[in-house]
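1. Coordinates for the following, if possible.
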Amino acid sequence: MTTTAAATAAGQGPMPRQIPYIIGNEACERFSFYGMRNILVPFLITSVILSMAPEAERQGIAKDVFHTFVIGVYFFPLLGGWISDRFFGKYNTIFWLSIVYVIGHAFLAIFEDNRTGFYTGLFLIALGSGGIKPLVSAFVGDQFDKSNEQKAKVVYDAFYWTINFGSFFASLLMPVFLKNYGPSVAFGIPGLLMFIALVIFWAGRRKYVHLPPSPPNPHSFLNVSRSALLAQRPGAGRPGLWVAALGIVLSLVAFGFIGKLGFVSAFCLAIVFLLAFGGLGTSMQLERARGLHPDEAVDGVRAVLRILIVFALVTPFWSLFDQKASTWVLQGELMTKPSWFQSAQMQALNPALVMLIIPFNNLVLYPALRRMGFQPTALRRMGAGIAFSGLAWIVAGMLQLAIDGGDPVTIVWQVLPYALLTFGEVLVSATGLEFAYSQAPPSMKGSIMSFWMLSVTIGNLWVLLSNAAVRNEVVTSQIGLTGLSETAFLMFFFAGFALLAALVFALYARRYPMQDHYRPA
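-> Numbers count the residues shown, from 1 in each chain. Modelled structure (predicted):
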């Protein structure tokens, strides 16, 4: 066997030549997304859009708008994954939703002082960005097969590094443009970058591997699940069906709280109940689907249910991570800093550190751990990342205690929680992209990546629910008894939330059966 053939047989074949187009598209798209996202809260607090709200309530409203937007961004992957898998394929879906994305940016720049127009722009960006988000990641995986699958991890790390390259400059520059040139320019520049991203993606259209959409499958995840829940077994009841029915009832109950929680929170809570109880009920009766569906289809559903448990345990991480663009920015406003520096610019630390941590982990940390006999598997990395996010929020809470005590605290101290959170992000998010693709059965690549994104939606739901809770007088009075401010209390609460999730994640990961679902060479 020649050296080249041996490398190919080992999965070390050549890098696909079309990858630079996808990486270039992602760099520009991420600049556009983070460029507008990272200035959203500072803009809203001082904008005409919220001018009718009492000044004391503007920060809370701005946080709610921000996290509602993020929920939309990570909910619409379900739609993008579905229409891609069933109808149009990944390339066409990415292309047309990217056009919607560009139009959304234009709305933000044009309607800076019009609430309806601005919120419409946020909706279009959420639809466009969310719809393409899982597909771009899965599209990267489509360019590989068994002959070069070992290169996929390198590309996913490079993919994530490039995301943060665009995010770094967006986080550093857009707060300056917002302050010095106004929102039209600050929101218009990201729109221009998104247009460039669209052009780059289109330019590589003849070089990509285009996998066709899946035809209607009588043995799909939903069809197998429905058979499992409805199938009867002589002499046995259907406990799984009753569990799934309980999920439906709880979902309807959630909508009864729209007045208190808002439509978005109630809707997302209903989804949580449906997924949790529906998945549990299906797993209880899944073996009843054998004979009605092929064994590989039933085994595929069981694999998906295991993956969804992993995703559920990651949701607390996203609760902490996405608040760096809201809660931490607002904390930075209370800290001492140079007059020319904007607290939102601290977010540039996150992508800058990612670009350093990824090569450090791959070249130094992971090899050192392997030499010591410890294998840093995907699940071990993800569990450790959740724990590091909890540590970051303990540090942020301690800084908040000093601020609440009246001590002048320099914003430089925020470097420490940003560093801990970013290390956790690399372990969770970069690893999660690879994990989600490798564990997904072939017919569900886009959909599984969508569920990975949905975990971010649920994470932000926990933030909205906590914000709604602290508006309740009973809750605020109990917080007051602790001697902590609401902000400090919530910081320590979320830290404990993440640390508990990391413990449960570690216990579950010990018995998770890893899969390899890259396509054959």
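
2. pretty sure Lys207 contacts Tyr21?
-> Yes - Lys207 is within contact range of Tyr21, at 6.9 Å (criterion: Cβ atoms under 8 Å). (C-beta placed from N, C-alpha, C; glycine too.)

3. higher neighbour count, the two?
-> Tyr21 (17 against 14; other Cβ atoms under 10 Å).

4. Please determine how far the more buried one is located from Ile196.
-> Distance, Tyr21 to Ile196, using Cβ to Cβ, to the nearest Å: 12 Å.

5. Give me the outermost residue of the chain relative to its centroid.
-> Farthest-out residue of the chain from its mean C-alpha position, per Cα atoms, centre = their mean: Gly235, at 44.4 Å.

6. any idea how far Met372 is from that residue?
-> 54 Å.

7. cool, and Gly459?
-> 33 Å.

8. of the two, who's got more company?
-> Neighbours per residue, other Cβ under 10 Å: of Gly459 and Met372, the larger number sits with Gly459, 23 against 7.

9. and Tyr181, how many neighbours?
-> Around Tyr181 there are 12 residues (other Cβ under 10 Å).

10. residues in contact with it?
-> By Cβ atoms under 8 Å, 6 or more residues apart in numbering, no residues touch Tyr181.

11. so what's it scoring on pLDDT?
-> According to the prediction, Tyr181 has pLDDT 90.

12. Quick check: phi and psi at it.
-> phi -120, psi -10 (degrees, to the nearest 10).

13. Arg233 too?
-> According to degrees, to the nearest 10, Arg233 has phi -120, psi 130.

14. from here on, count from 234
-> Sure thing, new numbering starts at 234, so read that last one as Arg466.

15. For it, list each beta-bridge partner.
-> Applying DSSP bridges to Arg466 yields these beta-bridge partners: Ala469.

16. separation between it and Phe554?
-> 44 Å.

17. Comparing those two, which residue is more hemmed in?
-> Neighbours were counted for Arg466 and for Phe554 using other Cβ under 10 Å; Phe554 has more, 24 against 10.

18. Can you give me every residue that contacts the more buried one?
-> So Phe554 contacts Ser622, Leu654, Gly657, Glu658, Ser662, Gly692 (Cβ under 8 Å, 6+ apart).

19. could I get those residues as JSON lines with secondary structure, pLDDT and distance to Ile681?
-> Formatted as JSON lines, those follow (DSSP: H, G, I helix; E, B strand; the rest coil; pLDDT from 0 to 100; distance: Cβ to Cβ, whole Å):
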{"residue": "Ser622", "secondary structure": "helix", "pLDDT": "96", "distance to Ile681": "23"}
{"residue": "Leu654", "secondary structure": "helix", "pLDDT": "96", "distance to Ile681": "26"}
{"residue": "Gly657", "secondary structure": "helix", "pLDDT": "95", "distance to Ile681": "23"}
{"residue": "Glu658", "secondary structure": "helix", "pLDDT": "92", "distance to Ile681": "21"}
{"residue": "Ser662", "secondary structure": "helix", "pLDDT": "84", "distance to Ile681": "16"}
{"residue": "Gly692", "secondary structure": "helix", "pLDDT": "93", "distance to Ile681": "18"}
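
20. Just the closest of the residues you listed to Gly350, please.
-> Closest approach to Gly350 among the contacts of Phe554 (Cβ to Cβ): Gly692, at 28.8 Å.

21. ok, how many other residues are close to the closest residue to that closest one other than its chain neighbours?
-> In space, and not counting its chain neighbours, Gly692 is closest to Trp551: 2.6 Å by Cβ to Cβ, 6 or more residues apart in numbering. Per other Cβ under 10 Å, the neighbour tally for Trp551 reads 27.

22. Please tell me how far Trp551 sits from Leu586.
-> On the measure of Cβ to Cβ, Trp551 and Leu586 end up 18 Å apart.

23. Ok, Ser447 next?
-> In terms of Cβ to Cβ, Ser447 sits 39 Å off from Leu586.

24. Looking at these two, which is more packed in?
-> Per other Cβ under 10 Å, whichever of Ser447 and Leu586 has more neighbours is Leu586, with 22 against 18.

25. Now Pro609: phi and psi?
-> With angles defined as degrees, to the nearest 10, Pro609 sits at phi -80, psi 80.

26. does it really touch Pro600, like I thought?
-> No - counting by Cβ under 8 Å, Pro600 is not a contact partner of Pro609; they are 9.6 Å apart.

27. Neighbour count for those two, which is higher?
-> More crowded of Pro609 and Pro600, by other Cβ under 10 Å: Pro609, with 17 against 12.

28. quick one: contacts for that one?
-> Counted by Cβ under 8 Å, 6+ apart, Pro609 has contacts Leu598, Tyr599, Leu602, Arg603.

29. Which of those fall in helices?
-> Judged by DSSP state H, helices contain the following of those: Tyr599, Leu602, Arg603.

30. what's the distance between the first one and Ala617?
-> In this structure, Tyr599 and Ala617 are 12 Å apart, going by Cβ to Cβ.

31. And these two? Which one has more around it.
-> Remark: of Tyr599 and Ala617, Ala617 carries more neighbours, 19 against 15, as counted by other Cβ under 10 Å.

32. Show me what counts as buried in the helix or strand harbouring Phe506.
-> Using DSSP states H and E, Phe506 sits in helix 496-518. Buried residues in helix 496-518, defined by neighbour count with 16 or more other Cβ atoms under 10 Å: 497-518.

33. So what touches it?
-> Helix 496-518 is contacted from outside by 301, 304-305, 308, 458, 461-462, 464, 471-481, 483-485, 487-488, 490-491, 494, 534-535, 538, 541, 545, 687, 690-691, 694, 697-698, 701, using Cβ under 8 Å, 6+ apart.

34. mind redoing it with 6 Å?
-> Contacts with helix 496-518, where a contact means Cβ atoms under 6 Å, 6 or more residues apart in numbering, come from 301, 304, 458, 461-462, 472-473, 476-477, 479-480, 483-484, 487-488, 490-491, 538, 541, 694, 697.

35. cool, and stretch 696-711?
-> His300, Leu494, Ser498, Ser552, Glu719.

36. Next, format those as TSV and append distance to Gln633 and secondary structure.
-> Putting those into TSV (distance: Cβ to Cβ, whole Å; DSSP: H, G, I helix; E, B strand; the rest coil) gives the following:
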residue	distance to Gln633	secondary structure
His300	19	helix
Leu494	26	helix
Ser498	25	helix
Ser552	17	helix
Glu719	10	helix
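
37. Selection in PyMOL covering whichever of the residues you listed are buried, please.
-> In PyMOL, a selection of the buried entries from the contacts of stretch 696-711 looks like this (16+ other Cβ under 10 Å):
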select buried, resi 300+494+498+552
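
38. ok, the contacts of stretch 696-711 vs Ile590, which is closest?
-> Using Cβ to Cβ, Ser552 is the member of the contacts of stretch 696-711 that lies nearest Ile590, at 21.3 Å.

39. if I look at Val486, how far off is Ile504?
-> Applying Cβ to Cβ to Val486 and Ile504 gives a distance of 13 Å.

40. Quickly list what's touching both of the two.
-> With Cβ under 6 Å, 6+ apart applied, the contact sets of Val486 and Ile504 do not overlap.

41. any residues touching the strand or helix carrying Leu455, and which ones?
-> Element membership for Leu455, per DSSP H and E: helix 454-463. With contacts defined as Cβ under 6 Å, 6+ apart, helix 454-463 is touched by 473-474, 477, 514-515, 518-519, 521-522, 525-526, 530, 534, 537.

42. No more questions from me, cheers.
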